[in-house]
Each structure stands twice: as structure tokens, then as C-alpha cells.
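Peer 1: Fold the following and give me the result.
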Amino acid sequence: MEMLINGKAAPAANATWIDVKNPATGESVDRVPRGSRDDVDAAVEAADAAFGAWSEKTMRDRGLLLARAAEMVRRDHKQLAELLTREQGKPLHESIDEVRGCANILEYYASIAGQPAGETVNLGKAGDCLVTRVPLGVCGAIIPWNMPVLIMGWKVGPALLAGNSLVLKPASTTPLTNLKIAGLLQEAGLPAGVLNVVTGTGEMVGEALVRHAKIKKISFTGNCATGHRIRALAGDHLKALTLELGGSDPMIVMADADIPRAVEGALRGRFYNAGQICTAVKRLYLHEKIAGEFMHLLTTRVESIKIGNGLLAGTEMGPLNNAAQMDRISNVVQEATNRAEGKILTGGSPVTGKEYENGFFYRPTLIADVPPDAAVLRDEIFGPVLPVMTVPDLGTAIREANRSQYGLGASVWTRDLPTVKEVFQNVHAGIIWVNRHLTVPPEVPFGGTNESGIGRENGFHALDSYTQTKTLFLGW
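Peer 2: Okay, the predicted model is just below:
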């Protein structure tokens, strides 16, 4: 599959190729060009040339195009979901959810496609001001491999609706579905050059995109180290930034919680997409009064998870996406064992057997009795490993929840409103869920504090981040 530059399939000059492999089987799904700086330059120039005419269209017209694209994504959702599972690994039902979620995001932005908000300021005898919002220009988006279709929607929807043109770099292991959806946007009527997709590595394509002088904004979802580098490089041209850099979300379960519901919340919140979600439940804090019952139920449910190829019926958890992930998760568990940082109740090793031998399958893992200073509670574990700590009261739970460099999301499971209020006021996170976890509809601003990044995806907040104010001062 080729890149998309200025409305055309574009192989890299003297192309070398990246094989996209199924993480469940090791089989090649397709290949994409290993893009170069020249490819980034060509994409940015195409976006720059397309920006003027696109930005002059009414927001309503741009919204109608997003709505048509959403219809096409829904029309083709089965084929897109199968492709996503083949390149990413997640079970087919999760891929269907993600593809439909992307359509939902495009529909949401189409639904708010009125004229951009503005204001007037009466300054008395000094005159009047008209404050409008205008698009930034050519923007860049860098997509991760864990939820590539959903996050593409988060970035493409508001950027295009606001009137910007866009250069998108997908992850090297999951570029295929992103390219297909970009093609559907063109089929819906998106003018050539408004959306360009350059495939390749972060070291080459990603860095060239961030460094490019004509890029006015970078929206990046990925790890902290890369986010810090992007922020430093973007400073050379004072680019606007949205950085979503992961998290280590705590889940707090109090004694009055609905225990079966909270168990299911922990199960889905941790092991959906094999735990490879920024806002997954990554630390579990249980009130000591219910810890025994909770862990008995949770262990039984975790041990029942059916692991396998995401394309097979009945699969509940697929493989990790790549070999580096497999090594990382294996090392995290091994180091926790070596340091005696808790007791492994279930899991703790790769899945063995002939049907698993070519894939990156890791057993869902529970680690109980984890001490407060354990690395598995401090660091982000991007995989199916859940450390558990027992706490005597809410104050302890909040204190331990805040012992992290991250601050993306958190959840509390309780029937008590004062408890909810205390968690909301005191836990450091961009979003607090009550009696649920993971849900992020497109209307809701999403982003974190501390090392979890800067800026917000979704809603009017994201739309505003792709514009800037422009003021007309009328001195009568």
C-alpha cells in the first residue's frame, strides 16, 4: 500500500519498504514505503497549496464532507475492522468498536459545524473589537499503534473542520487502516492535498514533520520521551502542540462499591486491547474490607479470558502489537518478581502452544500485595499486567493514586457522593470516572496533567486548539 500525497498514491523515491505483519501469526499483511524527508516536504507543500481554498469553504461545507466520510466508514466498517485486527492484533469485535468510534467522531464534528465562534467587545469611545477564530494552516498529526483508527478521528476531525490542511504520520506497525480511511475521506470529496499520509519511521518521517518550518501545529499521541523531544524541536518554530503522553490510571474501589460491577470494570479497563490503552486501569487500589472478595472474583474472571488470534470467533484478548512490547512486558514482570514486589496470582508469562508460537501473546497477569514504592505502581505498564494494593481508607487511596508522574485518568467506584467529590478535588487527573472507566465520547475533552501531556483532544476544546484568534479593532 502506498502513501497518499496531494490526492495520489505515492511511493517513496527509490522506495524501500516496511513490512506490516500480523502480530498473532507473524505473517505479512502488506507493506508501505519507508518515507523520507523529501516525502515529508512534498506532503507539506501539497498541504500548503491546498490550505487556502479549503480554509475559505464554510465550516458547514467542511462538516458535510466529514458526515459523508463517516457514512463511508460505516459502510465499509467490516472490511476496515478486519484489516485493523490483522495489523494491530486486537479481537475483531474491538476493531469494529474502534472503526465505528471513528465514524462517530467524524459525525460529531459534522454536527457542530456552525460558523466558528467569535465575540464583539465594546470599548466605549475607544471603539469596538470583532474577535474571530481562524485556522492555523498546515498541521501535523502523529498516530500511535494502539488505537490508530480512533485517534486518527480525534485529530483529523477537528483539524479539517477548523479549516486546516494536515499531514499525518501513522505508526510503522499499523499504517494500513489509516491509509484506507484517508482514501474514504477523498472519496467523500476532500480536495487533493488537504489530507496527506506519509508512512515511515518516527526517526525519519516523524522528526522531519516536527522540524518543518511550514507546520503550524503538531498533535502527537505516544510516549513521554518522544513527547519531550517533540516539544523541544517544536520550539524552534514556536509550533502549537497537543501532546497526549500516556498514563498510569488508578482505579479506587471503596467498601460500599457494587463489587461485581467493579470487577467487570477492572477486567475490561485493564485487559481491553491487551492493556495497550493510555487510559487503561493500570493500578488497582482496593479497600481492605472488600479486597479478599474482590480479588477472588477478579482472579476467576481473568483466568477465564480466551486468548488468541483476533480474527477467530470467541477471542477475548489478542496479542501484544510487536516484539518490543513483548520484551517490555516480560521484563516488567520479571523485575517485579526479582524485587519481590508483590505476589503473582495468575499469569506472569508468555502464552505457550503451537497456535501461539509465532505471535506476541502474553497471559493476563495479576500482581497482589504490591508495596507502595514498587516500580509497577510508579511506571506505566502498557500491557496486560495489573498491580493491586490494599488500602485502609480513602485518604490513603488518594495519596497512593497521586504517587505517579502521570495524570491522565482515574476512576472511583462507590455509592457515596462525598467520596466522589473528594476524589474529584484531590486526584491529579484530566478525567475522573465514577463507577466506570475508559469511556471517552467525542463530546468530552480528553487529556492529562503532569507527564501525561498538554492540551486536549475532543469536543470544542480540540476545535479551538486548531484555530487562533484574529481581532478587528474599529476606532470610530
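Peer 1: Okay, strands next: where are they in the stretch 51-200 of the chain?
Peer 2: Using DSSP state E, counting those that start in this stretch, the strands of the stretch 51-200 of the chain run over 119-122, 128-135, 138-142, 165-169, 195-197.
Peer 1: So what are the sheet partners of the first one and their directions?
Peer 2: Think strand 119-122. strand 128-135 (antiparallel) (DSSP bridges).
Peer 1: cool, and the fourth one?
Peer 2: Strands flanking strand 165-169 in the sheet, each with its direction: strand 138-142 (parallel), strand 195-197 (parallel) (DSSP bridges).
Peer 1: Just the residues contacting that strand, thanks.
Peer 2: Outside of strand 165-169, the residues within contact range by C-beta atoms under 8 Å, 6 or more residues apart in numbering are 40, 43-44, 47-48, 50-51, 54, 137-143, 152, 155-156, 159-160, 178, 182, 193-200, 202, 205-206, 209, 215. Every C-beta, even on glycine, is put in place using the N, C-alpha and C of the backbone.
Peer 1: now swap in the second one and tell me
Peer 2: With C-beta under 8 Å, 6+ apart as the test, strand 128-135 has contacts from 51, 55, 116-123, 162-164, 464, 466-474, 476.
Peer 1: Show me where the stretch 301-450 of the chain has its helices.
Peer 2: For the stretch 301-450 of the chain, the helices defined by DSSP state H, counting those that start in this stretch cover 323-338, 375-378, 394-401, 417-426.
Peer 1: buried sites along the first one?
Peer 2: Put plainly, it is helix 323-338. By neighbour count on 16 or more other C-beta atoms under 10 Å, the buried set for helix 323-338 is 325, 326, 329, 330, 332, 333, 336.
Peer 1: With stretch 131-147 instead?
Peer 2: 133, 135-147.
Peer 1: Could you tell me the end-to-end distance of it?
Peer 2: Chord length of stretch 131-147, first to last residue, is 37 Å (C-alpha to C-alpha, to the nearest Å).
Peer 1: Low-confidence ranges, this structure, go.
Peer 2: Within the chain, the segments meeting pLDDT under 70 span 12-13, 115-116.
Peer 1: Centre-most residue in it?
Peer 2: In the chain, the C-alpha nearest the mean C-alpha coordinate belongs to residue 151, at 5.0 Å (C-alpha atoms, centre = their mean).
Peer 1: That one contacts residue 143, doesn't it?
Peer 2: Yes - between residue 151 and residue 143 there is a contact at 5.5 Å, judged by C-beta atoms under 8 Å.
Peer 1: shared neighbours of those two, anything?
Peer 2: By C-beta under 8 Å, 6+ apart, residue 151 and residue 143 have these common neighbours: residue 221.
Peer 1: Look up how far residue 75 lies from residue 183.
Peer 2: According to C-beta to C-beta, to the nearest Å, residue 183 stands 13 Å off from residue 75.
Peer 1: between the two, who's got more neighbours?
Peer 2: Legend: neighbour count by other C-beta atoms under 10 Å for residue 183 and residue 75, higher for residue 183 (18 against 12).
Peer 1: so which strand or helix has the closest residue in space to that one that isn't next to it in sequence?
Peer 2: Spatial nearest neighbour of residue 183, excluding adjacent residues (C-beta to C-beta, 6 or more residues apart in numbering): residue 4 at 7.0 Å. Per DSSP states H and E: residue 4 is located in strand 3-5.
Peer 1: and the following helix or strand past that strand, which strands flank it?
Peer 2: Remark: after strand 3-5, the chain's next helix or strand is strand 8-10, criterion DSSP H and E. Applying DSSP bridges, strand 8-10 is found paired with strand 3-5 (antiparallel).
Peer 1: Mind listing residues that contact the strand it pairs with?
Peer 2: Against strand 3-5 from outside (C-beta under 8 Å, 6+ apart): 9-12, 32-33, 35, 39, 42-43, 46, 179, 182-183, 186, 195-199.
Peer 1: could you redo the last one with a cut-off of 7 Å?
Peer 2: Here strand 3-5 makes contact (C-beta atoms under 7 Å, 6 or more residues apart in numbering) with 10, 33, 35, 39, 42-43, 46, 179, 182, 196-199.
Peer 1: and what of stretch 467-476?
Peer 2: By C-beta under 7 Å, 6+ apart, stretch 467-476 touches 116, 126-136, 162.
Peer 1: Swap in 6 Å and give it another go.
Peer 2: Contacts to stretch 467-476, defined as C-beta atoms under 6 Å, 6 or more residues apart in numbering, come from residues 127, 128, 129, 130, 131, 132, 133, 134, 135, 162.
Peer 1: which one of these is nearest residue 314?
Peer 2: residue 162 (42.8 Å; C-beta to C-beta).
Peer 1: burial count for the closest residue in space to that closest one that isn't next to it in sequence?
Peer 2: In space, and not counting its chain neighbours, residue 162 is closest to residue 466: 3.9 Å by C-beta to C-beta, 6+ apart. Neighbour count for residue 466, taken as other C-beta under 10 Å: 26.
Peer 1: Surely residue 466 touches residue 160?
Peer 2: No - contact criterion C-beta atoms under 6 Å: residue 466 and residue 160 do not qualify, at 8.7 Å.
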